[in-house]
Structures are given as structure tokens and as C-alpha cells.
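A.B. asks: Return a 3D structure for these sequence lines:
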Amino acid sequence: MSKISTKGVPTELGTEKISKLLMLYAIPAIIAQTASSLYHMIDSIFIGQGVGALAISGLATTFPFMNLSAAFGAMIGVGGATLISVKLGQRDYDSACTILGNLVTLNVIVGLTFGGVSLLFLDDILFFFGASEATLPYARDFMEVVLYGNLITHLYLGINAALRASGHPKESMYATIITVVCNLLLAPLFIYALGWGIRGAALATMLSQVVTLAWQIRLLSNPNELMHLRKGIYALRARFVKGILGIGLSPFLINAAACIVVIIINKGLRMYGDNGDMAIASYGIANRVIFIFVMVVLGVTQGMQPIVGYNFGARRYDRVKETLKQTMMWAAAVTFVGFVLCEGIPELISRAFTTDATLIANTSKGMRISAMFLVLAGVQMVATNFFQSIGRVNKSIFLSLTRQVLFLIPLLLILPQYIGENGVWLSIPIADLISGILAIILLRGQFKEWNTPTFVK
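C.D. replies: Next comes the predicted model:
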């Protein structure tokens, strides 16, 4: 029998009305993810207005770095959080607590390794990611600070995922809000008042995460809570590590593929654009804006994850299906709003980042093209995270790879050869269209499986 108190176990996941649970879990995650995306966008605005257009281009060449770091973080954070939810649904509280400790240990190992290796080859990597002689100093100044603090970032994101999975969605939201508020206070001080430029923006980011991590550790050190940091849970257990990495492989591949995609986009824009640095800067701005809506959808799916994971573990398949349906409706509404704004007022949005007329025009064109099938991109994201939450790792990985690897990368390599820079931009909505349709087909197949009389529950 477990010696751990069941205080704090989110048993309402198996009994409460689904719509109420989604409000309870998704809204904090949405606020957290929106704040997180705004936090990155505000950095871009401060850098664009305070440092210049070339600095935005330099920042854009760091996106593959950020995606690759996020890939390793998501593999551990999402994998661990999903496994915690399933174990809680099975009432296996000892295992859930040990998974938390393993999540922390893995983040320490990966955070230190990734940061150290990247710093050794920083300039070469940035050139490969699309930096030029003009933009390299900006990209290097930003990434040096970020990589020195990479361990902090991994622990902050991993522990936040564990908080959300263990029945503390509000605390997870507060953690992100604390980070954003600190960054909002520090970034203008470091960039403008102290004149530290893009390095100041990165330093503001890292110090904000240090403050939040300290609060998270204090929160998870409460011995009265089920999920808390204590002795005996940090030694890696092979079966838990295998489970974390197996479930986390899907989000890892999503982010790793995103890294490859951004590299190809940056190189394509440099090759086919009239001004390579400005074309990359345009993508950097458009990507930041669309990323807001992507992150809101991600927040919805994060709210979905503990509900689906718990009820799947408890074999409540009716509640699993209802959760998916309602999550899909939320995601469609969010991405439709993004579609309307990006198609309707891209010039107004672009002016928040820069006063350069050419950059505004190029960014507006790219934003309109990129957002054409944003709604279907939302469908694909929900489906990928849904299959991951129910342990259908192969389907989740397949969906992860279809948009980025099977569709987008070939399009990015082929279309620009015929229609130049426009081919780079058009590849994005075409991949969204095809992968969204494929996601719908796989979801229908899963529902048919559950509705089959011979299905063993």
C-alpha cells in the first residue's frame, strides 16, 4: 500500500463535468502559454525598436537553437507529465512521485549537456542556421546568455509541466506569469536604460526564469503535498526513463523537425529573397505573431492532457472522447481569430516591431500567406497531443512528422526553385492543409476503434 497521502490527488478528473474541467485546466495553461508567447514577442519588439532591423534578423537565426533546446525539454517535460497523469489515474502514487524526481534529474543532465556543447561551436552553428556576417554578432550575444542559463530553462519548463499534470494548473500559470512580469520589468531596463542591447534582452529572460524556478522549488518542497521534492526519487529508474522518453519522443520530433524547418526557411529566404537579412527578419516577425495563436492552442492541449491521461488510465473512454471533442472546438475558435487578424491587419501588427517600411511590407505579405490554413494547423496540433496523451505514440509521432518532414520540408526545397521567395512562404499553408486533413482521418479511425463491439476496454 502506498505510504504517500492522497492529499492533492486530482480525483475530480474522473468525475467532474468535462467542460468545467477544461475551463479549470485549460484556461490557466492558455494564460501561461499566451504569456509565454507574448514574452518572446515583447523581446522581439524591444529588440526591433531599441536595437534595429538587423537585430531582429539575428534573433530570427536563433529560432532553430531555441527549437532544438525546446525539443529536449519537451521530450522530458511532456513525457514525464503524461506519465504522471496516467499513474495518478491508476492510483499509483509512489510511482508518480518517483517520476517527478526522474524528470528533475533528466533535465539537469540534458540542460547542462546541451548548453555546454552548443557554446563550444556557437559561431559555426549560427552560420549554419542562417546568420550572416552582419547579423552574427546579434545572434551570438543573445545565445551566449541563453546557453549559459540553459539548465535553468530546462528545470523551469520541466517542473512547470509536472505541476500542471499533478493537479496544480493555477500554480503552473502563476509560474509563467511571474516570468513574464519579471521580463517586462527587466528587459526595457537592460536594453534601454543600461544600453546592453540584445544581450540585455537575453539576460532579462534568464533572470526572470531564475526567480520563477526558485518559487517552483519552494512550492514543490511542501511535504504535505502528494507531488513534492524529497530524498529517494532522483535516482534514474530504467522503466520510468524509458516511459518518459518514449512518450516524449513525439514532442521531441515536433520541435526537432521545427528546428530543421526554420533552418531551411532561413536559408531559402537568404537565397531567394531580394535582401536576405530583411527576408529572414520578416519571417522572424510573422512567426512570432502566428506563434501566439499556436501557443494558445498548445495551452488548450496542455489542459486536455491531464484529463485525457487520467481518464484513459481509468478506462473512462467516453470521457476521453468528450474531452477531445471540446478541445477541438476551442482550438478551432482560437485559430480562426488568428486567421482573421493575420489576413485583415498584418500591416498594423508589423508596425509594432519596426518602423522600416520595406520590412513592414514584406512581413505583412508573409503573414497573410502563412496564416491561410491556420485552423487546420490547430486541428493537427490537438490530434498529435491527443494520441500522445493516450499512449498511441506511433500515431502521435507519425502526425508530428507528416507536417514538418513529409510535407513541409520537401515543399520548401522544391517550390522556391520555381516561384522564388513566394515558394518559401506558400510551403507553410500547403503543409498545414494536407496534414490537417490527415489528422482528421486518423482521429475518425480512433473513434471507430472505440465504437467497435470487439474493442476490449
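
A.B. asks: C-alpha from now on. contacts and neighbour counts both.
C.D. replies: OK.

A.B. asks: which non-adjacent residue is nearest residue 405?
C.D. replies: Closest residue to residue 405 apart from its sequence neighbours, by CA to CA, 6 or more residues apart in numbering: residue 257 at 6.6 Å.

A.B. asks: Just to check, that neighbour is in contact with residue 401?
C.D. replies: Yes. Residue 257 lies in contact with residue 401 (CA atoms under 8 Å); the separation is 7.4 Å.

A.B. asks: Give me the more crowded residue out of those two.
C.D. replies: Using other CA atoms under 10 Å, the more surrounded residue of residue 257 and residue 401 is residue 257, with 23 against 20.

A.B. asks: Identify the residues contacting the more buried one.
C.D. replies: By CA atoms under 8 Å, 6 or more residues apart in numbering, the contact set of residue 257 is 401, 404, 405.

A.B. asks: That one sits in which helix or strand?
C.D. replies: Element membership for residue 257 (DSSP states H and E) is helix 238-272.

A.B. asks: where's the dip in pLDDT among the contacts of residue 257?
C.D. replies: Lowest pLDDT among the contacts of residue 257: residue 401, with 78.

A.B. asks: pLDDT weak spots in the stretch 1-150 of the chain?
C.D. replies: Applying pLDDT under 70 to the stretch 1-150 of the chain flags residues 1-12, 14-15, 32, 36, 39-40, 49-52.

A.B. asks: Show me the strands in it, by range?
C.D. replies: For the stretch 1-150 of the chain, no strands are identified by DSSP state E, counting those that start in this stretch.

A.B. asks: okay, the angle between the helix ranked longest in the chain and helix 238-272?
C.D. replies: Identified as the longest helix of the chain according to DSSP state H is helix 276-313. If you take axes from the mean of the first three to the mean of the last three CA atoms, to 10 degrees, helix 276-313 sits at 150 degrees to helix 238-272.

A.B. asks: roughly how far out does helix 276-313 sit from the chain middle?
C.D. replies: Chain-centre distance of helix 276-313: 6 Å, with CA atoms, centre = their mean, to the nearest Å.

A.B. asks: tell me the mean pLDDT over that helix?
C.D. replies: Per-residue scores along helix 276-313 average to 84.

A.B. asks: now for it, which elements pack on it?
C.D. replies: Helices and strands touching helix 276-313, as assessed by 3 or more CA pairs under 8 Å, 6 or more residues apart in numbering; DSSP states H and E, comprise helix 18-50, helix 53-60, helix 63-89, helix 150-165, helix 238-272, helix 317-344, helix 357-370, helix 374-389.

A.B. asks: Please render these as JSON lines that adds distance to residue 175 to the earlier fields.
C.D. replies: Converted to JSON lines, those look like this (distance: least, CA to CA, whole Å):
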{"stretch": "helix 18-50", "distance to residue 175": "8"}
{"stretch": "helix 53-60", "distance to residue 175": "25"}
{"stretch": "helix 63-89", "distance to residue 175": "15"}
{"stretch": "helix 150-165", "distance to residue 175": "7"}
{"stretch": "helix 238-272", "distance to residue 175": "22"}
{"stretch": "helix 317-344", "distance to residue 175": "23"}
{"stretch": "helix 357-370", "distance to residue 175": "31"}
{"stretch": "helix 374-389", "distance to residue 175": "22"}
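
A.B. asks: To residue 201, which of those lies closest?
C.D. replies: helix 18-50 (6.4 Å; CA to CA).

A.B. asks: So what's the gap between that closest one and the chain middle?
C.D. replies: In terms of CA atoms, centre = their mean, the centre of helix 18-50 is found 11 Å from the chain centre.

A.B. asks: Residue 225 and residue 240: what is the separation?
C.D. replies: 21 Å (CA to CA, to the nearest Å).

A.B. asks: Give me the number of neighbouring residues for residue 291.
C.D. replies: Here the count is done by other CA under 10 Å, and residue 291 has 18 residues near it.

A.B. asks: Residue 356 too?
C.D. replies: By other CA under 10 Å, neighbour count at residue 356 equals 14.

A.B. asks: Can you pull the phi and psi angles for it?
C.D. replies: Backbone torsions of residue 356, given as degrees, to the nearest 10, read phi -70, psi 120.

A.B. asks: ok, and the closest non-adjacent residue to it?
C.D. replies: Distances taken as CA to CA, 6+ apart put residue 53 closest to residue 356, at 7.5 Å, once the chain neighbours are dropped.

A.B. asks: got a list of what the one you found touches?
C.D. replies: Residue 53 sits next to 278, 281, 354, 356 when contact means CA under 8 Å, 6+ apart.

A.B. asks: Adding distance to residue 162, write those residues out as CSV.
C.D. replies: Below are those laid out as CSV (distance: CA to CA, whole Å):
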residue, distance to residue 162
278, 40
281, 35
354, 38
356, 43
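
A.B. asks: Check these against residue 440 and report the nearest one.
C.D. replies: Relative to residue 440, the closest of the contacts of residue 53 is residue 281; by CA to CA it sits at 33.8 Å.

A.B. asks: close enough to count as contact, that closest one and residue 63?
C.D. replies: No. In this structure, residue 281 is not within contact of residue 63 by CA under 8 Å, at 11.4 Å.

A.B. asks: Pick out whichever of the two has more residues nearby.
C.D. replies: Neighbour comparison, residue 281 and residue 63: the larger count goes to residue 281, with 27 against 20 (by other CA under 10 Å).

A.B. asks: Looking at residue 225 and residue 240 now, which is surrounded by more residues?
C.D. replies: For residue 225 and residue 240, the more surrounded residue by other CA under 10 Å is residue 240, and the numbers stand at 20 against 17.

A.B. asks: What's the separation between that one and residue 76?
C.D. replies: 11 Å.

A.B. asks: again, but for residue 185
C.D. replies: From residue 185 over to residue 76 the distance is 30 Å, taken as CA to CA.

A.B. asks: okay, these two: which has more neighbours?
C.D. replies: Neighbours per residue (other CA under 10 Å) separate residue 185 from residue 76, with residue 76 holding more: 33 against 12.

A.B. asks: Do I have it right that residue 375 meets residue 337?
C.D. replies: No. The pair residue 375 / residue 337 is not scored as a contact, 9.1 Å apart, by CA under 8 Å.

A.B. asks: neighbour-wise, which of the two wins?
C.D. replies: Comparing residue 375 with residue 337 by neighbour count (other CA under 10 Å), the higher total belongs to residue 375, at 23 against 13.

A.B. asks: show me the contacts for the more buried one.
C.D. replies: So residue 375 contacts 331, 332, 335, 336, 339 (CA under 8 Å, 6+ apart).

A.B. asks: Tell me, how many residues neighbour the closest residue to the last one other than its chain neighbours?
C.D. replies: Spatial nearest neighbour of residue 339, excluding adjacent residues (CA to CA, 6+ apart): residue 371 at 5.6 Å. Counted with other CA under 10 Å, the burial measure for residue 371 works out to 26 neighbours.

A.B. asks: What of the one 10 residues further on?
C.D. replies: Burial measure for residue 381: 23 neighbouring residues, criterion other CA under 10 Å.

A.B. asks: Give me the nearest residue to residue 276, chain neighbours excluded.
C.D. replies: residue 270 (3.8 Å).
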